[in-house]
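Novice: After the sequence you'll find the predicted model.
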Amino acid sequence: MLICIGGFAGSGRNRIAKELAKVLGFHNFNLTRLKKQPLIRHEHRITHEKLFSYSDELLLRIFRSAVSNFQQLSKMYPDMIVADYFTREIPREFLFNEAEKYFGPPLIIWMDSTEEESIVRLNELYGTKQNILKNKRLIQSNIRARFQPFTRSVHNIRYINNPAAIDEALTLVREHLK
């Protein structure tokens, strides 16, 4: 089984992914490590500095790299969680379609949050220095403006101010396993 958790920065997607992985014993595949590879970071800074979010082409390269591991990972970890923004349709669908070959249809969970809620949570997590706050607002606005709606079934959960979020996610997993 593959669980894909999407959401904007500060929505709680990584927190839910970690909690679910721990409770369910699933492998938590970290896409952030791929995004932090020096060549990827360098290309992103040079070619897309003003966009803040990754281009579809760069996301496809990152997701291709991830998918290249899925055949082996599916043998080691039949159940896996992947968290990312998942805001761009072409790279997202590529990842979902390729992952489905090894894990079956993914359970897609969207961590819902407003822009203000996300910014407040990011401030709690990382601080409120004025220049950082301005950058967070620009990043949030840009990523949200470039969001492309899902063409697949998606389950929405609110993490912020919702102590039952993990239980809601666990219920979705149980239903998906039936």
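Specialist: Perfect, thanks for sending it.

Novice: what about the helices in this protein?
Specialist: All helices of the chain, identified by DSSP state H, fall at 13-24, 31-35, 38-48, 56-67, 70-76, 89-103, 115-126, 130-145, 165-177.

Novice: Now do the second one: distance to the chain's middle.
Specialist: Here helix 31-35 is found 11 Å from its chain centre; the criterion is CA atoms, centre = their mean, to the nearest Å.

Novice: Show me what counts as buried in it.
Specialist: Buried residues in helix 31-35, counted by 16 or more other CB atoms under 10 Å: 31, 34-35. Heads up, the C-betas are built off the backbone N, CA and C, glycines and all.

Novice: next one: the fourth one
Specialist: Going by neighbour count (16+ other CB under 10 Å), the buried part of helix 56-67 is 56, 58-63, 66-67.

Novice: Show me how far it is from its chain's centre.
Specialist: Distance, centroid of helix 56-67 to centroid of chain: 13 Å (CA atoms, centre = their mean).

Novice: circling back to that earlier point, out of the buried residues of helix 31-35, flag the one nearest to N161.
Specialist: Distance to N161 across the buried residues of helix 31-35 (CB to CB) is lowest for L31, with 26.2 Å.

Novice: Apart from its chain neighbours, what residue comes closest to that closest one?
Specialist: Of all residues beyond its chain neighbours, the one nearest L31 is D84 (4.9 Å), with distances taken as CB to CB, 6 or more residues apart in numbering.

Novice: And the residue nearest the centre of the chain?
Specialist: D84 (1.6 Å; CA atoms, centre = their mean).

Novice: Report the beta-bridge partners for that residue.
Specialist: G6 (DSSP bridges).

Novice: My guess is it contacts G6. True?
Specialist: Yes - with contact defined as CB atoms under 8 Å, D84 reaches G6; the gap is 6.3 Å.

Novice: Need the residues touching each of these two.
Specialist: Residues touching both D84 and G6 (CB atoms under 8 Å, 6 or more residues apart in numbering) are R13.

Novice: thinking again about what came up before, list the contacts of the residue nearest to L31.
Specialist: By CB under 8 Å, 6+ apart, the residues touching D84 are 4-6, 13, 31.

Novice: What separation do you get for V154 and I109?
Specialist: From V154 over to I109 the distance is 7 Å, taken as CB to CB, to the nearest Å.

Novice: Of those two, give the one with the bigger neighbour count.
Specialist: I109 (28 against 15; other CB atoms under 10 Å).

Novice: Could you report the pLDDT at the more buried one?
Specialist: I109 is assigned 98 on the pLDDT scale.

Novice: Surely it and L172 touch.
Specialist: Yes - in this structure, I109 is within contact of L172 by CB under 8 Å, at 6.4 Å.

Novice: Thanks again, I'm all set now.
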